[in-house]
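**Student:** Sharing a sequence plus its predicted fold:
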Amino acid sequence: MFRNERTLYKGICTLCKQSMISIFNPESLYKVFCSKCWWGDSWDCGDYYLDYDPNKNFFEQMKELQLKAPFMDKVVSYLKLVNSDYINHASTCKNCYLIFNADDCENVYYSNTVVNVKDSSDCFMMNNTQLSYGSIGGDGSGIYFSENCPESINVWYSKDCVGCNDCFGCVNLRKKSFHIFNEPYSREEYNKKISEMGLDKHSVNIEIQSMIYDFWNKFPRKYIYGRMNNNSSGEYIYSSKNAKDCYQAVCMEDAAYCQFITMPSFRDCYDISEWGNGAELCIDDVTIGEGVNDVKYSFGIWNNCRNIEYSMFVINSSNCFGCMNLRKKEYCILNKQYSKEEYFALREKIIDDLEKNPYIDSKGRVWKYGEFMPYDLSLFAYNESFATQYFSLTKEEIESAGFKYIEPKKSEYKATITLEDIPDSIKDVEDDFIKEILKCDCGKFYRIVVGELQLLKRFGIPVPRFCPDCRQDHRMKRLNSPFFYNRTCDKCGIDIKTSYAPDRPEIVYCEKCYQQEVM
């Protein structure tokens, strides 16, 4: 609930007064600097601090500091971005648009959890990939509308294929070429059939999508999506050792209850949500990476930070407690600088005070030292946050739980073309189509941007009829959940722990039975 990944606003920088794209609602009370100002030298983050008041709860004082210290407009490494203003939770990207939780990407659009991806759009959980569209999981080149097809090239509407090329509608194949719905063809026959399908047409793709998931479900699934693991459990776990009940994570060692770990390395960590990239000895954090060590109960900590507790947006600093929006600082509490001796003495006093005077929210929930920050310190409403992608709640449920809710604002645009009037084939879409305003069935308006249209024409894929948010929702529904259940292998009957609930219709095999099936 502390991460706002996808909700972006137009705002005005508090410092330079220029327009900016921000994760903060412009009606909030926070001071927000544009990336250029926040990362620049025209202000001193040390000027925004509080003296600790032992008569007040420590978390209440952190709430006061939130209204004083200026926040960055987005969670990005600004100096590593080129022509990528509309992205968030990202670094080292060039010519990217509306991508999130991303690193080392170029010319990528409308994608999530992507690392080292180029010339692709509408992808989720992909790495080392290029020239791909509408896919989830895997790596390779030319992966279209497929799921979990690593080391593959030019595959369409396929699932759980490994090391394959030139395959269409295939499932559970290994190192195969020129197959359609798991049936082999010669190269010439395959190319002829694919060219006759009319994949450039929206009507054809809709027909394929209406039947492909039922076809996939005829084949067994492995109880876990994972490769090259040792003593690890969870879902979507890769190249990890001694990782317990983790989700969407790579290259972990000795970790438990962690999720969305996208970059190596990641060691000796517990209950971390998002990133990695050299994180070690960290506990109960959100969005940490780039060589951080010994970070506890914090959000947005990166670039070689050490010994950070209960802090937000602290960069390249060490020994900070209850701080936010700091760079290159040491021995700070509530952003105020102390000597080393003063720092550790005051830190111990605050920990003791939190034990005697814990924070109690409106629902009676109690926070002492040793737990993550109270939700009341979140900078975002629940329905702005990342939580909604996995735990969708109604307005009534959000407010009943004591969380914040913000009323979404309606767009004030007018569609210039109906969805029915969009050309069926991408071949009939002119370059000036980027001027059109489209209205999704959900009521949101959207456009096709220049780079996106270039990719659609290059791939021969029709113009999408849904807005980016709906397309993301559709991908989310295709994902396995972060909940784990006990059930039995549908072939040998052995007990397995899996994200497939016992009442789901998929055929689920244990590791041994699945390998016997596909090899």
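**Tutor:** Everything's here; your move.
**Student:** Please, where are all the helices along the stretch 351-500 of the chain?
**Tutor:** 395-400, 450-459, 468-478 (DSSP state H, counting those that start in this stretch).
**Student:** For Cys170, which of the ones you listed is the nearest?
**Tutor:** helix 468-478 (17.0 Å; C-beta to C-beta). C-beta coordinates here come from the backbone N, C-alpha and C atoms, glycine included.
**Student:** For the closest one, the averaged confidence score.
**Tutor:** If you average the pLDDT over helix 468-478, you get 96.
**Student:** contacts for it?
**Tutor:** 6, 98, 110, 112, 122, 124, 136, 147, 389-390, 440-442, 444, 446, 464, 466 (C-beta atoms under 8 Å, 6 or more residues apart in numbering).
**Student:** how far is it from where the chain is centred?
**Tutor:** With C-alpha atoms, centre = their mean, to the nearest Å as the basis, helix 468-478 stands 13 Å off its chain's centre.
**Student:** With just CA atoms, put that helix into CSV.
**Tutor:** Extracted in CSV, the C-alpha atoms of helix 468-478 (Å, rounded to 0.1, in the frame of the first residue of the first chain):
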residue,chain,number,x,y,z
PRO,A,468,-3.5,0.5,-21.3
ASP,A,469,-5.0,0.0,-17.8
CYS,A,470,-7.5,-2.6,-19.1
ARG,A,471,-4.8,-4.4,-21.0
GLN,A,472,-2.8,-4.5,-17.8
ASP,A,473,-5.8,-5.9,-15.9
HIS,A,474,-6.2,-8.6,-18.6
ARG,A,475,-2.6,-9.6,-18.1
MET,A,476,-3.0,-9.7,-14.3
LYS,A,477,-6.0,-12.1,-14.7
ARG,A,478,-3.7,-14.4,-16.6
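**Student:** Buried residues of that helix, list them for me.
**Tutor:** For helix 468-478, burial by neighbour count (16 or more other C-beta atoms under 10 Å) applies to 468-472, 475.
**Student:** re earlier: and the contacts of helix 468-478, which of them are buried?
**Tutor:** 6, 98, 110, 112, 122, 124, 136, 147, 440, 444, 446, 464, 466.
**Student:** and the third one, what does it touch?
**Tutor:** Spelled out, it's Tyr110. For Tyr110, the contacting residues are 97-99, 121-122, 452, 468, 471-472, by C-beta under 8 Å, 6+ apart.
**Student:** And for the first one?
**Tutor:** Counting by C-beta under 8 Å, 6+ apart, Arg6 touches 88, 100, 386, 389, 469, 472.
**Student:** so Ile494 touches Arg487, yeah?
**Tutor:** No. Counting by C-beta atoms under 8 Å, Ile494 sits too far from Arg487 to count as a contact (10.3 Å).
**Student:** higher neighbour count, these two?
**Tutor:** Between Ile494 and Arg487, counting by other C-beta atoms under 10 Å, Arg487 is the more crowded of the two (16 against 13).
**Student:** Tell me how far the more buried one lies from Tyr223.
**Tutor:** 8 Å (C-beta to C-beta, to the nearest Å).
**Student:** Give the residues shared as contacts by the two.
**Tutor:** In contact with both Arg487 and Tyr223: 496, 498, 500, 508, using C-beta under 8 Å, 6+ apart.
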